[in-house]
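Trainee: Pasting the sequence and the predicted model now:
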Amino acid sequence: PMAQNIYDDAHFFDAYRALKRSRDGLDGAPEWPRLRAMLPDLKAARVLDLGCGFGWFCRFAREQGAAQILGIDISEKMLGVARQMTTDPAINYRRADLDDLQLDHSAFDLVYASLVFHYLEHLDGVIAAIHRALRPGGHLVFSVEHPMFTAPSQPEWIDTANGKKAWPVNRYLDEGPRETNWLAQGVIKQHRTFATYLNLLVPQGFQISQIEGWGPSDAQLAAMPTLAEERDRPTFLLIAAQRSLRD
């Protein structure tokens, strides 16, 4: 069976398209400055963007000098918008189920995936496919919802005795699907522990170069006070890794 394709649900798609990160692209994503800092030099690079959505990163990579960019997504609606917004022949888009990823060996210098892996049930196979698809020395940079964020089965704020709001973490070690009502009813995300994300990378031969549990900076809080609750637990987990030159 194909991975969940919630983005082609009309209600979900309309709600997603109204988000700030959808309207403003990469600059509308508060974690983007930190994620961008993890990227290698993209000049003349061959880039793969998994879960490319509207193609914002594909176009950014081209602006940074990347030679060829492939964006893959499961959603026809997302790819339709990406194609409308892209005129550069060096950028190509393909519809595919990321849980059954078929890629040429050593075809890319960078694989990038923003907030997509927590939708995938068979991430071990995806990581293996990415490793094969990277040239030796190639880079993987990705973000996921932080495991502290995906652990609640139904995320909601609770009041503690001192009046401060807290975030309940439920069954952290019980990995697997969690149903949430983010933008639509019944959205399925895969909860994995922090350790599992690392242990999916290391046995494949990835060398982890940077890890960050993202939360808003003081400057971001000053500019957007509504981000204050994001300081109570990390929202995103950002990881940069590299295929060994000896592979």
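Mentor: Received, thanks.

Trainee: Provide the backbone phi and psi angles at Gln102.
Mentor: Taking degrees, to the nearest 10, you get phi -120, psi 110 for the backbone angles of Gln102.

Trainee: cool, and Gln68?
Mentor: Note on Gln68: its backbone torsions stand at phi -140, psi 140 [degrees, to the nearest 10].

Trainee: what residues are up against it?
Mentor: Gln68 sits next to 46-47, 90, 92 when contact means CB atoms under 8 Å, 6 or more residues apart in numbering. C-betas here are computed from N, CA, C, even on glycine.

Trainee: ok, now with 10 Å
Mentor: 44-48, 61-62, 89-92, 107-109 (CB atoms under 10 Å, 6 or more residues apart in numbering).

Trainee: Now, those that are in strands?
Mentor: Of the positions in the contacts of Gln68, 46-48, 91-92, 108-109 sit in strands, assigned by DSSP state E.

Trainee: now, among those residues, which is nearest to Asp218?
Mentor: Distances from Asp218 to those, taken as CB to CB, are shortest for Val47 (32.2 Å).

Trainee: Next, the buried residues of whichever strand in the chain runs longest.
Mentor: Across the chain, the longest stretch assigned as strand under DSSP E is strand 134-145. Residues of strand 134-145 classed as buried by neighbour count (16 or more other CB atoms under 10 Å): 134-135, 138-145.

Trainee: now do stretch 205-223
Mentor: Along stretch 205-223, these residues count as buried under the neighbour rule (16+ other CB under 10 Å): 206, 212, 214-216, 220.

Trainee: all helices for the chain, in order.
Mentor: 10-17, 20-23, 32-37, 56-63, 76-85, 123-133, 147-150, 194-201, 218-223 (DSSP state H).

Trainee: how about those in CSV, adding mean pLDDT and distance to Leu115?
Mentor: Shown next, in CSV, are those (pLDDT from 0 to 100; distance: least, CB to CB, whole Å):
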stretch, mean pLDDT, distance to Leu115
helix 10-17, 60, 11
helix 20-23, 61, 9
helix 32-37, 94, 10
helix 56-63, 97, 11
helix 76-85, 92, 13
helix 123-133, 96, 14
helix 147-150, 84, 11
helix 194-201, 96, 13
helix 218-223, 77, 18
